[in-house]
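> fold the following.
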Amino acid sequence: MRVSRILALLLASAVALPAQAQDCDRSCLAGFLDSYLNALAANDASLAPLSYGFRQTENSVVTPNDEGLWSTVTALDELQRRYYDPAGKTAGYFGLLEESGEPAVVALRLKVENRTITEAEWHIGREGDAGITGEPGGVVFDVENLMANPPNEGLVPLNRRYSRDDLIAVANSYFDGIITMNSKVVKGHPGCSRRENGFPTFGGPLAPGAIGFNGTSDCRTVGDFGLAQITARRVQVVDVEQQIVMMSVVFLRRPGNERWRNHFTHTISIEDGLIRHVHGAMFYAPPDRPVPNWPPYDGNFSLQP
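Next up, the predicted model:
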């Protein structure tokens, strides 16, 4: 009997060890993120532990390992935020990259599986990018404001942390409030901020009946943005220890509205269960570009005639 029990324990250990070996905690994810970003800055993908099937998109376009950011990045810039999600097997980066001496506002979702990097999804905002009508240079962009008002970072005390599921619900309330045009849906602090590519999209005059703070708009203030739906919502990173959620969404226009779709990664800073800051890295997607170009592929909204 004793021999049988020992054999059973040995077999159980042999089965458990491979599973445990695949786990990647915060420090593990940090190592992979650092390795990837350093390889990017060196313009050499071979320096990062990429899987054979590694896939990277930049503003929803699949990019080979010697093109795009792999060839244009000259440095990691001063503002850098790193977030880790062991449950989701992802790491996130929000901040600035330097491309040929010019800053770009970026967000990254990095997927780690079986101790290799399998996916990298970038949202990139550049000052000269097309705006909502497709005209070059029309995108919102403000690096100085972003530097002065970055997303949260740092470990939050245990007694102030909300669960992973609760954090996702709070983040989703922001998009629910926009699409229903009902500010009361948004779980946000009075005076919460909202910036897209660093540009503040709050603090302006309030329309009659709108909810804001001290007579000005905040992240809870919603209006008619000409949207049919906020589509392809995907949770990218949930950092429970830092109370941060990164989500990707597409702002889909109503039929007949010729304004280009916005595609974002929103980095949402949550304090005591309510949104404190929303930071978007975003671009306007041309009518013929499938977005987000990640599974589920039936969420690629929408190609316009």
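
> in the protein, what helix or strand scores lowest on average pLDDT?
helix 2-22 (a mean of 47; mean pLDDT, DSSP states H and E).

> where in this structure is pLDDT low?
For the chain, the stretches with pLDDT under 70 are 1-22, 302-305.

> what are the ranges of the strands in it?
50-58, 61-62, 73-85, 90-99, 102-113, 116-125, 188-196, 199-200, 227-239, 244-253, 261-271, 274-285 (DSSP state E).

> minimum distance to Phe32: which of these has it?
Nearest to Phe32 among the strands of the chain is strand 102-113 (5.0 Å), distances taken as Cβ to Cβ. For every residue, glycine as well, the C-beta is placed using N, CA and C.

> that older thread, in CSV, list the strands of the chain along with mean neighbour count and distance to Met147.
Shown next, in CSV, are the strands of the chain (neighbours: other Cβ atoms under 10 Å; distance: least, Cβ to Cβ, whole Å):
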stretch, mean neighbour count, distance to Met147
strand 50-58, 16, 23
strand 61-62, 12, 28
strand 73-85, 19, 6
strand 90-99, 24, 8
strand 102-113, 23, 9
strand 116-125, 22, 14
strand 188-196, 20, 11
strand 199-200, 17, 13
strand 227-239, 21, 21
strand 244-253, 24, 18
strand 261-271, 24, 15
strand 274-285, 24, 12
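
> closest to Leu155 out of these?
strand 227-239 (9.6 Å).

> elements contacting that closest one?
In terms of contacts (3 or more Cβ pairs under 8 Å, 6 or more residues apart in numbering; DSSP states H and E), strand 227-239 is packed against strand 73-85, strand 90-99, helix 164-180, strand 244-253.

> residues of stretch 63-70 that come out buried?
Residues of stretch 63-70 classed as buried by neighbour count (16 or more other Cβ atoms under 10 Å): 63, 65, 68-70.

> and which of these is nearest Gly92?
If you rank those by distance to Gly92 using Cβ to Cβ, Leu69 comes first, at 15.8 Å.

> touching, that closest one and Leu40? I think so.
Yes. Under the criterion of Cβ atoms under 8 Å, Leu69 makes contact with Leu40 at 6.0 Å.

> same list (the helices and strands packed on strand 227-239) but as TSV, adding distance to Val278.
Output for the helices and strands packed on strand 227-239, formatted as TSV (distance: least, Cβ to Cβ, whole Å):
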stretch	distance to Val278
strand 73-85	14
strand 90-99	12
helix 164-180	7
strand 244-253	10
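
> for Gly137, grab the count of nearby residues.
For Gly137, the neighbour count with other Cβ atoms under 10 Å is 11.

> hmm, it is touching Arg126, no?
No. At 9.8 Å, Gly137 does not count as touching Arg126 under the criterion of Cβ under 8 Å.

> Gly223: which of the helices and strands packed on strand 227-239 is closest?
Of the helices and strands packed on strand 227-239, nearest to Gly223 by Cβ to Cβ is helix 164-180, at 8.8 Å.

> what residues are up against the closest residue to Asn59 other than its chain neighbours?
Excluding the flanking residues, the one nearest Asn59 by Cβ to Cβ, 6 or more residues apart in numbering is Phe283, at 4.8 Å. For Phe283, the contacting residues are 59, 123-125, 129-130, 139, 262-263, by Cβ atoms under 8 Å, 6 or more residues apart in numbering.

> which among these gets closest to Val238?
His123 (17.2 Å).

> hang on, isn't Glu271 packed against Gly191?
No. Using Cβ under 8 Å, Glu271 is not in contact with Gly191; the gap is 11.7 Å.

> alright, that wraps it up for me.
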